[in-house]
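Asker: Let's see this in three dimensions:
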Amino acid sequence: MAPRRKLALEPKADRQVTYTHGATHTSDEIETEAKPVQIAWDERLRLLIECQGISPNFNGLDLADLAIIAESCDILAYPPGSSLMKKNGEANFVAVVLRGLAVVVDKDFKEGQAWFPLARLRPGAIAGEVSLFQGGKRAADVVASIGLVVVQFYFDGSSFFT
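Answerer: As a prediction, this is how the structure comes out:
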């Protein structure tokens with residue numbers, strides 16, 4: 001078995017973070033908020049159709065279903081280093097990766113100055129679904145890595161299981 005590659009996301013002394021893909025960001029850029037992506041409805045629909053073609057889980061929807069999602073759901077871009085989900089945070093949404101890369105890490109588990117990635121989420125991957133079924137708290141952190149764009153589906157705790 002190949003050794004796990006470390007993901008270096010820890011701030012260095014010069015207040016910068018370096019990622020394994022080579023990008024460097026100052027600590028002022030870390031933990032920034034997601035930005036709504038201002039894209040036309042037809043582009044939103046195209047992203048959803050493309051994602052459905054590569055996702056093992058987010059598929060089987062017809063064009064009418066995708067049109068409703070394109071119209072009503074949030075499509076957000078996350079800057080590198082920002083948190084999509086935080087461990088022990090409330091589980092009130094799931095996200096489907098449309099573009100880019102996110103990394104699932106447990107910030108409580110470090111070896112040296114690096115976090116081990118528990119998973120890499122590429123286009124088509126779903127994030128946050130486990131915590132909806134296991135008590136409503138996030139089990140790990142999900143951090144944006146490269147050009148992350150997601151569609152987020154929100155749930156209130158009372159209606160999800162009824």
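
Asker: so residue 155 sits right up against residue 90, yeah?
Answerer: No: using Cβ atoms under 8 Å, residue 155 is not in contact with residue 90; the gap is 10.6 Å. (Each C-beta comes from the backbone N, C-alpha and C, glycine too.)

Asker: which of these two has more neighbours?
Answerer: When residue 155 is set against residue 90 and neighbours are counted by other Cβ atoms under 10 Å, the residue ahead is residue 155, at 15 against 12.

Asker: roughly how far apart are the closest residue to the more buried one other than its chain neighbours and residue 54?
Answerer: Closest residue to residue 155 apart from its sequence neighbours, by Cβ to Cβ, 6 or more residues apart in numbering: residue 92 at 6.1 Å. For residue 92, the distance to residue 54 (Cβ to Cβ, to the nearest Å) stands at 26 Å.

Asker: okay, those two: which has more neighbours?
Answerer: residue 92 (16 against 12).

Asker: So the more buried one is in contact with residue 152, correct?
Answerer: No: checked against Cβ under 8 Å, the pair residue 92 and residue 152 is beyond contact range at 9.7 Å.

Asker: Regarding the protein, what is its longest helix?
Answerer: helix 41-54 (DSSP state H).

Asker: Tabulate the CA atom coordinates of that one in CSV.
Answerer: Extracted C-alpha coordinates of helix 41-54, given in CSV (Å, rounded to 0.1, in the frame of the first residue of the first chain):
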residue,chain,number,x,y,z
TRP,A,41,-29.4,30.1,-15.5
ASP,A,42,-28.4,28.2,-18.6
GLU,A,43,-24.8,28.0,-17.4
ARG,A,44,-26.1,26.7,-14.0
LEU,A,45,-28.1,24.1,-15.8
ARG,A,46,-25.1,23.1,-17.9
LEU,A,47,-22.9,22.6,-14.8
LEU,A,48,-25.6,20.4,-13.3
ILE,A,49,-26.0,18.3,-16.4
GLU,A,50,-22.2,17.9,-16.7
CYS,A,51,-22.0,16.9,-13.1
GLN,A,52,-24.7,14.3,-13.5
GLY,A,53,-22.7,12.7,-16.3
ILE,A,54,-19.7,12.0,-14.1
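
Asker: Which residue is the nearest non-sequential neighbour of residue 127?
Answerer: Closest to residue 127 by Cβ to Cβ, 6+ apart is residue 95, at 4.7 Å.

Asker: make that residue 94, sorry
Answerer: Residue 94's closest residue in space is residue 128 (Cβ to Cβ, 6+ apart), at 4.3 Å.
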